[in-house]
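Colleague: Predicted coordinates and the sequence they were generated for:
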Amino acid sequence: MKISIVAIGKLARSPETELTKAYAERAGAVGRALGLGPVEVTEVESRKPGKAAEAEALRPHLADAHVIACDEHGQARPSRAFAEEIAALRDRGVRRLVFLIGGADGLDPALLGQVSGKLAFGPQTWPHAMARAMLAEQVYRAVTILAGSPYHRD
């Protein structure tokens, strides 16, 4: 199952960007034997401001995918439950899993109404660069849990 992190906005070179890339590469390498990966990060620019315009820019990247939106009103999951959810999707035959990160004002309500699930990182507000890095790390952690690696400790 291919895993994608699709986010509004292009980030400049930064420690968070490098961290996101590193975790995505690690997840893809470990996940290959488990049928998970590659893990890619796609940055999407909207030509117009606003959530509706951002949603239109995101839609082409969501075709034929199981989409989980990162949203403050989503469900926070423990790492093991997150790993089990990814494994269950893979085992059900989902070929492409997309995690969606919106712009500064969040995701368009119409787009949120079309996703398969919502994921929250807790009640705090996180900068977009950190959200991408945290999501990439959690995908890596999930893959290592499924691989039986000692990276995750309960």
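Modeller: It's in. Numbering: from 1, shown residues only.
Colleague: Give the buried residues for the lengthiest strand in the chain.
Modeller: Criterion DSSP state E: the longest strand present in the chain is strand 66-75. Buried residues in strand 66-75, counted by 16 or more other CB atoms under 10 Å: 66, 67, 68, 69, 70, 71, 74. Heads up, the C-betas are built off the backbone N, CA and C, glycines and all.
Colleague: Report the beta-bridge partners for the second one.
Modeller: For residue 67, the beta-bridge assignment (DSSP bridges) gives partners residue 98.
Colleague: wait, what's in contact with residue 68?
Modeller: Counting by CB atoms under 8 Å, 6 or more residues apart in numbering, residue 68 makes contact with 97, 98, 99, 100, 115, 116, 117, 118, 119.
Colleague: so who does the nearest residue to it once chain neighbours are set aside touch?
Modeller: With CB to CB, 6 or more residues apart in numbering as the criterion, residue 68 has its nearest non-adjacent residue at 4.4 Å, and that residue is residue 117. By CB under 8 Å, 6+ apart, the contact list for residue 117 reads 67, 68, 69, 74, 75.
Colleague: Model confidence at residue 117, what's the number?
Modeller: For residue 117, the model assigns a pLDDT of 97.
Colleague: again with residue 49
Modeller: Per-residue pLDDT puts residue 49 at 88.
Colleague: helix/strand/coil for it?
Modeller: The three-state assignment at residue 49 reads coil, by DSSP: H, G, I helix; E, B strand; the rest coil.
Colleague: Right, I'll leave it there.
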